[in-house]
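Student: Below is the structure, and that's it, no one-letter string:
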DNA sequence: TGATATTCATGAAACGTTTCATGGAATATG
DNA sequence: CATATTCCATGAAACGTTTCATGAATATCA
């Protein structure tokens, strides 16, 4: 390791400044130090180009100022956005992020838990699809979008409210017959409440609805079958669709177009997530936008809060509807 | 920090197993240890649930098994993909990744260099837009897409070849009049070679071409002006466009459609990067695909190679054309 | 002025690991 | 059987920091 042959240490600084080791430490950490001493130490630090060694500090304090983020990947734009905002929130507090990509692999998740323990992270934020994950009880642990137990705080969007809002919006746009479409075995997780909110609102408004749900791994063609089976001479039985995620919504829209249906003229589509093209251009579809920044901020402040026991076990953050071209404006 | 009150150490294991500290260390590190001892130590490790403390090891060895990745953000899909593959390449080698998002801010970059030095990372991989970045010479340093000097290895796609390929493809599709469009002050960087390759191929093939380049921060409307100024009774002067990035290509396509031009019927468009919708669906536009996985792998193996001086100063990796619906198939 | 309180630099200990010199036991060699 | 050799567990030192008890110097008060 070409690591500068050997960087100066506090001892070097102390020698150069003619003070004790502990004095240097207090200067570096911004604690009370007599003016004259402080100047000498700072001069020596400048002169030697001293940079403190985090390894030494970590060892001594048994803290690393690092939070592990366990997440499937960074390819999915929703995850990418989450990583982004969590990093910002951590950095603001002078924390580092240790990223672990699970790729939805449970074995990898287990190994990560072990690895981050070896690295003595100060906390873990996890977005996992493994309902039987063994959550360590000796490290502050917070989940996103997945509820495990009342002793593990969960941060999520208001999925129920999002589903509700989607139904309201479709009604507002004049829809007479709607459907909810989703994929993924998320039955016990927070995002499944999107359906509940949607259904509740439809019932309350007396809006006829149908639900089409596929388990993880089911062939996408089943959606196509579902749609075609609800068509009669070129007309779809639904004039409004609420789809569980933007990604799925996009795929559904391709199918609709292939079936000769216009979006939003013939059928209006609302997705969920708030994905934008290239991360910064306009939203891909009309959608219920997740409050990603707020989720990130809440996750970080929760995992870092010293008294984890006083913290709510579930935090739901408000969502918004955004127009993206697949509904009437 | 609720860190398990105090996790067992090697000393605890040694005591439990009735052996010396160093013996435990050698078992943990898989070094030669007599069978009987090894068993006893492993039993004690199991029994105590011992996990080694990386801080102690880092301090002692002056290595952290961590590489810093300095990159603008993870929102841009190209960056997200890069982060993804670099993480995989590092993990394969039992390295961790310390992520630094610059948000294109030079001050932040400088602070990161300092921070990663404090954290004693074993190397740095950087994708930076700051041509005057002060590159440390005591930490292995590798750049992606930006060439600094022969002493700093740069890994990049074959941008020249990509531009060349784009021109060939447009010609192959029957284009008679083409243009290159780009944005960004990348004049001294690798991606600027996209233009060079494109121009060279056009010249060689005798294909008439034009170049429209905007510096960073210029208003996007100038592209619109450029296009409209090259229109006459609803016809564009070009029947083929090569655009510097997929993101820009997407925006240009929106403008073309607004101007009543069909893509690819009236004008064919090729982008650069290989961005896919939602990270995994089909490509957004026809494009020259960056070999992201290869770039990641090369960056990691280069930064970790012990003898950085024997390493090429520029590594260009081959690109591919992919159909995405904005050219004839 | 003398006694007491306050401030703050000092020196040493401790964090958990790796590594190195030491030497005892077992094995090989003559 | 004596000596040389190998093997490998041991104990201690070291990595760079923070923190704590100590005590000297200064400030406060009667």
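Tutor: Done, it's in. For clarity, every value in this text was computed on a predicted model and none was experimentally measured.

Student: contacts and neighbour counts: CA atoms only from here.
Tutor: OK.

Student: quick one: the residue lying closest to residue A:324 once chain neighbours are set aside and residue A:276, what's the gap?
Tutor: Nearest non-adjacent residue to residue A:324, counting by CA to CA, 6 or more residues apart in numbering or on different chains: residue A:286, 3.9 Å away. From residue A:286 across to residue A:276, the span is 10 Å (CA to CA, to the nearest Å).

Student: Neighbour count: those two, which is higher?
Tutor: Legend: neighbour count by other CA atoms under 10 Å in any protein chain shown for residue A:286 and residue A:276, higher for residue A:286 (28 against 18).

Student: What separation do you get for the more buried one and residue A:250?
Tutor: In terms of CA to CA, residue A:286 sits 10 Å off from residue A:250.

Student: in what helix or strand does the residue nearest the centre of chain A lie?
Tutor: Nearest to the mean C-alpha position of chain A, by CA atoms, centre = their mean, lies residue A:82 at 3.8 Å. Residue A:82 belongs to helix A:77-92 when elements are defined using DSSP states H and E.

Student: That helix to helix B:77-92, inter-axis angle?
Tutor: Angle of helix A:77-92 versus helix B:77-92, following axes from the mean of the first three to the mean of the last three CA atoms, to 10 degrees, is 70 degrees.

Student: I figured the residue nearest to the centre of chain A was touching residue A:296, is that so?
Tutor: Yes - proximity of residue A:82 to residue A:296 meets the contact threshold set by CA atoms under 8 Å, at 6.3 Å.

Student: Give me the buried positions along the strand or helix carrying residue A:163.
Tutor: For residue A:163, the enclosing helix or strand under DSSP H and E is helix A:159-172. Buried positions in helix A:159-172, judged by neighbour count with 16 or more other CA atoms under 10 Å in any protein chain shown: A:159-171.

Student: Tabulate those residues (TSV), appending pLDDT and distance to residue B:232.
Tutor: Shown next, in TSV, are the buried residues of helix A:159-172 (pLDDT from 0 to 100; distance: CA to CA, whole Å):
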residue	pLDDT	distance to residue B:232
A:159	97	51
A:160	97	53
A:161	98	51
A:162	98	48
A:163	97	49
A:164	98	50
A:165	98	47
A:166	98	45
A:167	98	47
A:168	98	47
A:169	98	43
A:170	98	42
A:171	97	45
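
Student: now, which of these sits nearest residue A:228?
Tutor: The nearest member of the buried residues of helix A:159-172 to residue A:228, counting by CA to CA, is residue A:170 at 21.3 Å.

Student: What does the nearest residue to the closest one once chain neighbours are set aside show for phi and psi?
Tutor: In space, and not counting its chain neighbours, residue A:170 is closest to residue A:240: 6.2 Å by CA to CA, 6+ apart. Note on residue A:240: its backbone torsions stand at phi -150, psi 140 [degrees, to the nearest 10].

Student: again, but for residue A:276
Tutor: Torsion angles, degrees, to the nearest 10, at residue A:276: phi -110, psi 150.

Student: same question, residue A:191
Tutor: Dihedral angles (degrees, to the nearest 10) for residue A:191: phi -60, psi -20.

Student: try residue A:68
Tutor: phi -90, psi 140.

Student: swap in residue A:128?
Tutor: phi -120, psi 150.

Student: Could you check how far it is from DNA strand C?
Tutor: Remark: distance between residue A:128 and DNA strand C (CA to the nearest atom of the strand, to the nearest Å) = 28 Å.

Student: What of residue A:256?
Tutor: Taking CA to the nearest atom of the strand, one finds residue A:256 at 58 Å from DNA strand C.

Student: List the buried residues for whichever strand or helix holds that residue?
Tutor: For residue A:256, the host element (DSSP H and E) is helix A:246-258. For helix A:246-258, burial by neighbour count (16+ other CA under 10 Å) applies to A:246-250, A:252-253, A:255-256.

Student: Over to stretch A:264-280?
Tutor: A:264, A:266-279.

Student: which parts of stretch A:29-41 are buried?
Tutor: A:37-38, A:40-41.

Student: near DNA strand C, which of those residues show up?
Tutor: With CA under 7 Å from any atom of the strand as the criterion, those include residue A:37 near DNA strand C.

Student: now, which of the buried residues of stretch A:29-41 lie within helices?
Tutor: Judged by DSSP state H, the subset of the buried residues of stretch A:29-41 located in helices is A:37-38, A:40-41.

Student: Between those residues, which sits nearest DNA strand C?
Tutor: residue A:37 (5.6 Å; CA to the nearest atom of the strand).

Student: Just list the residues touching the closest one, thanks.
Tutor: Taking CA atoms under 8 Å, 6 or more residues apart in numbering or on different chains, we find residue A:37 in contact with residue A:19.

Student: Show me which residues of chain A sit near DNA strand C.
Tutor: Residues of chain A lying near DNA strand C (CA under 7 Å from any atom of the strand): A:18-23, A:32-35, A:37, A:56, A:59-60, A:62.

Student: end to end, how far does stretch A:276-291 reach?
Tutor: Note: stretch A:276-291 ends 14 Å apart using CA to CA.
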